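Engineer: Can you look at this prediction? I've put the sequence above it.
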Amino acid sequence: MAGIWQASVLFAAGFLLYGCNNAFMVLSPVLVLDLGGSVVEAGVQGTAFVAAAVGLRFLFGPLSDRRGLKPVMLSGALAYVVTGPLLALCAEFWQVLLVRCAQAAGLAAYFPAATAAVVAAAPAGRAGSMLGLYRLVSSASLMVAPAAAFFVVDASGFGTCLTLLGGCAAVAFGLVLAVRIPGGAGASAAGGGARRLFVGDAPAMAPVLGATLLAALGYGLLGTYAAPFIEASLPGAPTGMLFTFVGAGGVVSNPLVGWASDRMRQGRLFAALLVCLGAGLVLLAAAPRGFELTLCAGFLVGFGYFGSMTCVLSIVAARVAEERRVSALALQQNGIDVGIACAGAAFGLAVEAAGSAAVFAAWGAATVACTMVAVAWRAVRSGGKGRP
């Protein structure tokens with residue numbers, strides 16, 4: 001019963017804080033514009049948020065490994081509690097920018113530590129299944145929180161919505177405070193754990209980070225350029241439905257991949273998911289031929305991307321020692337943020353030169369090709385036996 005209670009609390013707190021983070025992500029650019037800021041400033045606050053989170057993970061990851069998960073999780077939740085009402089008080093762009101940078105502490109501190117807590121609470125041999133369910137919670141929050149936030153903004157304004165989000169974070173803080181968080185400070189308290197991650201765990205982490213970056217670039221490409229492409233190709237089409245189907249793909253894949261990762265070779269599963277992601281991007285290039293193809297493409301991309309991230313977490317849980325696990329998870333999440341953040345700049349010139357359809361098709365095909373090459377290289381190197 002204790003394990004069920006711990007997992008339930010972690011899932012409930014995760015749903016609230018993932019929801020808060022998703023809502024802040026979509027509301028902040030609109031808030032900047034509402035305050036009279038420019039489109040460039042609306043983008044800058046998002047870039048600053050991601051950059052601050054990437055830097056702070058190098059602090060909070062090793063800190064979790066040294067001092068335990070619960071203090072860092074509480075610090076992350078508290079960042080969302082405080083910054084929600086502070087955003088409601090902002091009247092100028094520079095204030096929003098400062099608050100968003102402070103809010104990045106919540107993203108950097110809470111989510112890697114909470115993921116490690118879920119792994120620690122999982123029954124033996126079921127870490128993948130637990131991670132799949134936890135990722136399902138994050139996908140569900142993406143489908144619910146932004147729409148609910150905009151509803152409150154339309155009904156009562158930004159001040160009410162941002163304050164309510166801080167209240168939701170406070171509930172999550174209370175849940176984390178009330179439950180025993182499994183997993184504590186590990187051997188890295190002696191000082192070698194974080195350094196050991198870059199040495200002994202390099203063979204496991206290097207392919208994980210490379211594949212994470214590949215998947216995140218594809219997801220960032222869709223998030224940045226899919227909506228303008230569809231609106232230009234299919235005027236009047238409900239563009240938002242694409243992202244609903246992306247989220248639906250994640251809802252389906254997360255528990256399925258979590259279950260499968262406990263029962264089959266994780267590397268092969270990961271490769272299959274990257275192929276789904278690449279195939280979805282290729283299919284998206286055919287959007288002008290019909291909106292149904294666009295929805296199928298969104299589902300494939302969501303299934304492949306979210307499933308691959310669940311699989312990556314399972315690989316880290318299986319191959320990195322507990323005393324270095326949060327540091328490894330922080331690095332993996334940095335790979336996601338860097339990939340998504342770089343996608344806009346990396347593909348912008350290509351889109352201008354060749355068009356969105358050509359870029360979607362080319363990068364989707366490149367994703368499939370890179371995956372196939374990696375699988376073949378791995379098979380040759382291991383003599384066809386592979387690694388579980």
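Structural biologist: Done, it's in.
Engineer: what bits of the stretch 101-250 of the chain have low per-residue confidence?
Structural biologist: 125, 182-205, 239-240 (pLDDT under 70).
Engineer: and Val171, what element?
Structural biologist: helix 158-178 (DSSP states H and E).
Engineer: what comes into contact with that helix?
Structural biologist: 9, 12-14, 16-17, 19-20, 23-24, 27, 31, 34, 70, 73-74, 77-78, 80-85, 87-88, 106, 149, 152-153 (CB atoms under 8 Å, 6 or more residues apart in numbering). From N, CA and C alone the C-beta is placed, and that goes for glycine too.
Engineer: Same question for stretch 38-49.
Structural biologist: By CB under 8 Å, 6+ apart, stretch 38-49 touches 25, 28-30, 32-33, 93, 96-97, 100-101, 103-104, 107, 341.
Engineer: picking that back up, can you dump the C-alpha atoms of the helix holding Val171 in CSV for me?
Structural biologist: Output of helix 158-178 as CSV, limited to C-alpha atoms (Å, rounded to 0.1, in the frame of the first residue of the first chain):
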residue,chain,number,x,y,z
PHE,A,158,-4.1,37.0,-16.8
GLY,A,159,-3.9,38.0,-13.1
THR,A,160,-6.5,35.4,-12.0
CYS,A,161,-5.1,32.7,-14.2
LEU,A,162,-1.5,33.1,-13.2
THR,A,163,-2.4,33.3,-9.5
LEU,A,164,-4.5,30.1,-9.8
LEU,A,165,-1.5,28.4,-11.4
GLY,A,166,0.6,29.3,-8.4
GLY,A,167,-2.2,27.8,-6.2
CYS,A,168,-2.0,24.6,-8.2
ALA,A,169,1.7,24.5,-7.7
ALA,A,170,1.1,25.0,-3.9
VAL,A,171,-1.1,21.9,-3.9
ALA,A,172,1.7,20.0,-5.6
PHE,A,173,4.2,21.3,-3.0
GLY,A,174,1.9,20.1,-0.2
LEU,A,175,1.6,16.6,-1.8
VAL,A,176,5.4,16.3,-2.1
LEU,A,177,5.8,17.5,1.5
ALA,A,178,3.3,15.0,2.8
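Engineer: buried ones in it?
Structural biologist: Neighbour counts over helix 158-178 (16 or more other CB atoms under 10 Å) mark 158, 161-166, 168-170, 172-173, 175-176 as buried.
Engineer: Redo the residues you listed as CSV? Include distance to Pro228.
Structural biologist: Listed next are these as CSV, based on distance: CB to CB, whole Å:
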residue, distance to Pro228
Phe158, 26
Cys161, 27
Leu162, 28
Thr163, 33
Leu164, 31
Leu165, 28
Gly166, 33
Cys168, 32
Ala169, 33
Ala170, 38
Ala172, 35
Phe173, 38
Leu175, 39
Val176, 39
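Engineer: And the helices in the stretch 51-200 of the chain?
Structural biologist: With DSSP state H, counting those that start in this stretch, the ranges of helices along the stretch 51-200 of the chain come out as 69-89, 93-121, 127-156, 158-178, 193-197.
Engineer: Nearest approach to Val246 belongs to which of those?
Structural biologist: helix 127-156 (8.7 Å; CB to CB).
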